[in-house]
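Enquirer: Predicted coordinates and the sequence they were generated for:
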There are 2 protein chains.
Amino acid sequence: MPAEASTSRPASPSLTERQEARRRRILHASAQLASRGGFDAVQMREVAESSQVALGTLYRYFPSKVHLLVATMQDQLEHMHGTLRKKPPTGDTAAERVAETLMRAFRALQREPHLADAMVRALTFADRSVSPEVDQVSRQTTAIILDAMGLADPTAEQLSAVRVIEHTWHSALVTWLSGRASIAQVKIDIETVCRLIDLTTPGPRR
Amino acid sequence: MPAEASTSRPASPSLTERQEARRRRILHASAQLASRGGFDAVQMREVAESSQVALGTLYRYFPSKVHLLVATMQDQLEHMHGTLRKKPPTGDTAAERVAETLMRAFRALQREPHLADAMVRALTFADRSVSPEVDQVSRQTTAIILDAMGLADPTAEQLSAVRVIEHTWHSALVTWLSGRASIAQVKIDIETVCRLIDLTTPGPRR
DNA sequence: CGCTAATCTAGAACAAGTTTCAGACTTGAT
DNA sequence: ATCAAGTCTGAAACTTGTTCTAGATTAGCG
């Protein structure tokens, strides 16, 4: 236990440090369980045990399983945005770059299909009580797409196109995860919807 | 076993009649409960009671709550397709007609938002075990859109556009139901994605 | 240091989806 | 009419998300 608490920089985590650590443990356990068996494998009791936290505490940090999984998704998305930033897409047109970026993200998801399942199912199943968190995920996704487009100041029309791209992205993932669409099919859908960008971007073609 | 039409005494309808009737009672109860309080209000015990069927029987007919709600959606979709057929859309272009049709469907859903909630949540939450049923819903939706386009023989490109339109349709509904998008926003998204049709349909263009 | 409020823990309890089972009823065939 | 197979019923049991409670710890403060 900390003998002195004032002057020295705390080596042992005190205060909110500890809570931050708990939160990280919980998110880690969540992602780990999700990676194993998807949405169903993330059982609140197991998450609590894995992260060495009482069930009640888990619920204090994340008021429902869906909240937990959406937070897990936020976490992963942040990581992915960082990764994507390091190697920007190389396509000539905005449409190509967006498609390339989404396909890169898709490939990442394919590496952990169960985790993808858990996150996406939670996202689309979320009810109003999770709206703020889901909205945050949506904003992050929008940011990634706008990054790929390379637009500083998108028009309303372009924002609409981005919204539709996000719709397609989410729904295509759902159909892929439930085994109703192949990877190739998802690719086609992404490429198809990205053509909308050309419609709204006065550029060199057509 | 063509049997008799049982004109005299329908007191004890025999054979599969009875089962068909049970099935209809169950679907009716499901829709009714869903209309009241959405996904959460459809409780299997209540559905069983409402439709005068034992819980075990309910599960024999529909192996899970999601199966039940997806079947409910099939039912409603069929009804809607019939209704839409009676008054075909009037727009000049295929894109306009599809947007008009989807907006008409959307208005119908707005009249029973709770029912819409139950059906759409079930649809996107469905896992692989429900794939055949979900696929059936998807085919029905595709048929409605193709009807609106007025195409006998769509190209592969056009089918891709239709797929993307469906993605957008489902995902836009999800965002509307969870309160993250307004009705106006959904309208814009539908209109935006329908422009994809123009891209793939050589014809009178703006 | 000692106090008070907030937080955490272990565990029971509750809710709704799902499964199971023994017994009653239907059905189809002989 | 009778039998075997399949179906339906009512009720209990099981699972997992969620809530609640009482007591232990911890944190911030005078």
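Expert: Yep, that arrived.

Enquirer: Please count neighbours and contacts with C-alpha atoms only from this point.
Expert: Noted.

Enquirer: For chain A, which residues score under the pLDDT cut-off?
Expert: The model of chain A has pLDDT under 70 over residues A:1-15, A:201-206.

Enquirer: Residues of it that sit close to DNA strand D?
Expert: Proximity of chain A to DNA strand D (C-alpha under 7 Å from any atom of the strand) is limited to residues A:14-16, A:18, A:40-45, A:55-56, A:59, A:63-66.

Enquirer: Just the buried ones among those, please.
Expert: In those, burial by neighbour count holds for A:A41, A:V42, A:M44, A:K65, A:V66, counting by 16 or more other C-alpha atoms under 10 Å in any protein chain shown.

Enquirer: Which single one of the residues you listed is nearest to DNA strand C?
Expert: A:M44 (10.8 Å; C-alpha to the nearest atom of the strand).

Enquirer: where do the helices sit along chain A?
Expert: Remark: helices assigned in chain A by DSSP state H are A:16-41, A:44-50, A:55-61, A:65-86, A:94-111, A:113-125, A:131-149, A:156-177, A:183-200.

Enquirer: So for B:V162, which of these sits nearest?
Expert: B:V162 lies closest to helix A:183-200 among the helices of chain A, at 9.7 Å (C-alpha to C-alpha).

Enquirer: roughly how far out does that closest one sit from the chain middle?
Expert: Offset of helix A:183-200 from its chain centre (C-alpha atoms, centre = their mean, to the nearest Å): 20 Å.

Enquirer: Which neighbouring elements make contact with it?
Expert: helix A:94-111, helix A:156-177, helix B:156-177, helix B:183-200 (3 or more C-alpha pairs under 8 Å, 6 or more residues apart in numbering or on different chains; DSSP states H and E).

Enquirer: And those helices: which comes nearest B:M103?
Expert: Comparison of these against B:M103 by C-alpha to C-alpha identifies helix B:183-200 as nearest, at 7.0 Å.

Enquirer: Adding distance to B:A71, write the buried ones among the residues of chain A next to DNA strand D out as CSV.
Expert: Listed next are those as CSV, based on distance: C-alpha to C-alpha, whole Å:
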residue, distance to B:A71
A:A41, 26
A:V42, 27
A:M44, 30
A:K65, 26
A:V66, 25
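
Enquirer: residues from chain A in reach of chain B?
Expert: When proximity is defined as C-alpha under 8 Å from any C-alpha of the partner chain, chain A approaches chain B at A:121, A:124-128, A:131, A:135, A:160-161, A:163-164, A:167-168, A:170-172, A:174, A:178-180, A:188-189, A:192-193, A:195-196.

Enquirer: before we move on, the earlier item: could I get the helices and strands packed on helix A:183-200 in CSV, plus columns for distance to B:R104 and mean neighbour count?
Expert: Output for those, formatted as CSV (distance: least, C-alpha to C-alpha, whole Å; neighbours: other C-alpha atoms under 10 Å in any protein chain shown):
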stretch, distance to B:R104, mean neighbour count
helix A:94-111, 31, 19
helix A:156-177, 19, 23
helix B:156-177, 12, 23
helix B:183-200, 11, 20
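
Enquirer: Distance to DNA strand C added to these, as JSON lines?
Expert: Shown next, in JSON lines, are the helices and strands packed on helix A:183-200 (distance: least, C-alpha to the nearest atom of the strand, whole Å):
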{"stretch": "helix A:94-111", "distance to DNA strand C": "26"}
{"stretch": "helix A:156-177", "distance to DNA strand C": "18"}
{"stretch": "helix B:156-177", "distance to DNA strand C": "19"}
{"stretch": "helix B:183-200", "distance to DNA strand C": "28"}
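
Enquirer: what would the ones you listed look like in JSON lines with distance to B:S30?
Expert: Converted to JSON lines, those look like this (distance: least, C-alpha to C-alpha, whole Å):
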{"stretch": "helix A:94-111", "distance to B:S30": "35"}
{"stretch": "helix A:156-177", "distance to B:S30": "24"}
{"stretch": "helix B:156-177", "distance to B:S30": "19"}
{"stretch": "helix B:183-200", "distance to B:S30": "26"}
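
Enquirer: Which among these is found nearest to A:I26?
Expert: Across the helices and strands packed on helix A:183-200, A:I26 has its closest neighbour in helix A:94-111 (20.9 Å, C-alpha to C-alpha).

Enquirer: how about the residues of chain A near DNA strand C?
Expert: With C-alpha under 7 Å from any atom of the strand as the criterion, chain A comes near DNA strand C at residues A:Q19, A:Q52, A:V53, A:A54, A:L55, A:G56, A:T57, A:R60.

Enquirer: How many neighbouring residues does A:F62 have?
Expert: Neighbour count for A:F62, taken as other C-alpha atoms under 10 Å in any protein chain shown: 18.

Enquirer: hang on, isn't it packed against A:L69?
Expert: No. Assessed by C-alpha atoms under 8 Å, A:F62 is found out of contact with A:L69, at 9.1 Å.
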